[in-house]
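Trainee: Quick check, what structure comes out for this input:
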Amino acid sequence: MAAGIERYSEHPIAQAIVQGWEGPTPEVSEIRAVRGHGVLGVLADGSQVWVGNRRLLESLGIALSPSVEAQMQALEDRGLTTAVLGTNHHPLALLGVADTPRPEAAQAIARLRQQGARVVMLTGDRKAVAHHIAAQVGISEVYAELLPEDKLARIQQLEQEGTVVMVGDGLNDAPALNAAAVGVSMAAGSDVSLESADLVLMKNDLNRLVGAQQLARATARTVYFNLSFALGVIVVVGAFALAGKVPLPMGVVAHEGGTVFVVLVGLRLLSPPGSLGLPPALRPCPIPSPTLPVQKKVGLEPFTATVKMCRSLGKAMVNTKTRGV
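Mentor: Sure, this is the predicted structure:
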């Protein structure tokens, strides 16, 4: 029954439930997802079926018995995300889903901290589950039991403290991804998160985020150096030209030579990762979202928007959620 109502959902918990059931599934119609709560539907006999968390139970006016509450708490203390399945106003089953971190998460978070990033977890899971996962990946600052609007409010609060990069791949992460200075999603994330993100990690590897941050810093440095060098050449050569001290051939060489020089400096960003201080395993693969150009979000010209995104990604606090880790 749970697999029947969850089979059309993109939520990681829903996908885990569907993958864990190998038998036949009942037909469920009028499926409706309630953000941050769960899913409701109607069975063939007309009865309502639902699966969700405590918030959904409260909205439906359903109270669990003390023994079921104790079982839920025991599962959550073990780091499992819980959900209750029921029909009409009668709970039928208690589900526990292991929310395991990505294999590379701990290494990526450690590297981000080495680069000076502050790592924060934002998640809609229960506090016990969130702290269990956070301990495994090395995150000490955790905000749990957040609805999508709560994540958005937290991002806005963190924006007052510094530049924020939001990493997430779920449906409930979309508002926060759009509000952050830079939103980063995984290629396997939900369609809404991909639409809302500025960068997409195409290989679903958080280590790529570390490489992207290093590449962003190198890009920002290169842009500032090239602009300073080009303006310096114009000022120096222009001053001597006004004084009649620069022959025409030398002026042409200075102008064209400076152009070639800044192009060659920029091309260094395309060199092998080792020359930029990036180990091959961390070769970045960030791309702007094809449906949400960077300049559209920040309201600037494409060139300025690229510099702004590089600066943001280069000095950001990184905010992440449980399944984004």
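Trainee: biggest helix in the chain, by residue count?
Mentor: Ranked by number of residues, the top helix in the chain under DSSP state H is helix 207-242.
Trainee: and it, what other elements does it pack with?
Mentor: helix 105-114, strand 199-201, helix 248-267, helix 302-314 (3 or more CB pairs under 8 Å, 6 or more residues apart in numbering; DSSP states H and E). Where C-beta positions appear, they are placed from N, C-alpha and C, glycine not excepted.
Trainee: a markdown table please, covering the ones you listed and showing mean neighbour count.
Mentor: Supplementary listing: the helices and strands packed on helix 207-242 in a markdown table, determined by neighbours: other CB atoms under 10 Å:
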| stretch | mean neighbour count |
| --- | --- |
| helix 105-114 | 18 |
| strand 199-201 | 24 |
| helix 248-267 | 13 |
| helix 302-314 | 19 |
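Trainee: Poorly predicted segments of the stretch 151-300 of the chain, please.
Mentor: By pLDDT under 70, the low-scoring segments of the stretch 151-300 of the chain are 272-300.
Trainee: need the contact list for the residue nearest to F261 when sequence neighbours are not counted.
Mentor: Taking CB to CB, 6 or more residues apart in numbering as the measure, F261 lies nearest to F229, with 7.1 Å between them; neighbours along the chain are not counted. Contact partners of F229, counting by CB atoms under 8 Å, 6 or more residues apart in numbering, are G258, F261, V262, V265.
Trainee: and the longest helix of the chain, how far from the chain's centre?
Mentor: 29 Å (CA atoms, centre = their mean, to the nearest Å).
Trainee: Quick check: the residue nearest to F261 vs A14, distance?
Mentor: 54 Å (CB to CB, to the nearest Å).
Trainee: and if you look at V68?
Mentor: From V68 over to A14 the distance is 21 Å, taken as CB to CB.
Trainee: what are the ranges of the helices in this protein?
Mentor: With DSSP H as the criterion, the chain has helices spanning 2-6, 12-19, 54-60, 66-77, 105-114, 127-137, 148-159, 174-179, 191-196, 207-242, 248-267, 294-298, 302-314.
Trainee: Of all the ones you listed, which one is nearest H89?
Mentor: Ranking the helices of the chain by their distance to H89 (criterion: CB to CB) puts helix 54-60 first, at 7.0 Å.
Trainee: which residues are in contact with the closest one?
Mentor: Residues external to helix 54-60 that are found in contact with it (CB under 8 Å, 6+ apart): V34, G36, H37, G38, W50, A63, L64, V84, H89, P91.
Trainee: Now do the nearest residue to the second one once chain neighbours are set aside: how many residues are near it, please.
Mentor: Meaning G36. Counting by CB to CB, 6+ apart, G36 lies nearest to L147, which is 4.1 Å off, once chain neighbours are set aside. In terms of burial, L147 registers 15 neighbours under the definition other CB atoms under 10 Å.
Trainee: measure L92 to L75 for me?
Mentor: 16 Å.
Trainee: So those two - more neighbours on which side?
Mentor: Ranked by neighbour count (other CB under 10 Å), L92 and L75 place L75 first, with 20 against 13.
Trainee: wait, that one sits on V97?
Mentor: No - between L75 and V97 there is no contact under CB atoms under 8 Å: 9.2 Å.
Trainee: which residues do these two both contact?
Mentor: Common contacts of L75 and V97 (CB under 8 Å, 6+ apart): T82.
Trainee: In stretch 85-95, which residues are buried?
Mentor: Buried residues in stretch 85-95, counting neighbours by 16 or more other CB atoms under 10 Å, are found at L85, G86, P91, L94, L95.
Trainee: so who does the second one touch?
Mentor: Looking back up the chat, that one is G86. With contact taken as CB under 8 Å, 6+ apart, G86 is in contact with V49, W50, V51, I62, L92, A93.
Trainee: what pairs with it across the strands?
Mentor: Counting by DSSP bridges, G86 is bridged to W50, P91.
Trainee: Quick check: bridge partners of M121?
Mentor: With DSSP bridges as the criterion, M121 is bridged to V142, T320.
Trainee: count of neighbours near it?
Mentor: As a burial measure, M121 scores 24 neighbours (other CB under 10 Å).
Trainee: now do E22
Mentor: A count of nearby residues for E22, using other CB under 10 Å, gives 6.
Trainee: And it, how far from M202?
Mentor: With distances taken as CB to CB, E22 is found 31 Å from M202.
Trainee: Please apply the same query to V263.
Mentor: Computed as CB to CB, the V263 to M202 distance reads 27 Å.
Trainee: same check, this time on V167
Mentor: With CB to CB as the criterion, V167 and M202 are 14 Å apart.
Trainee: Comparing these two, which residue is more hemmed in?
Mentor: Relative neighbour count places V167 above the other of V167 and M202, with 28 against 13, counting by other CB under 10 Å.
Trainee: That one against V184, yeah?
Mentor: Yes - checked against CB under 8 Å, the pair V167 and V184 is within contact range at 4.6 Å.
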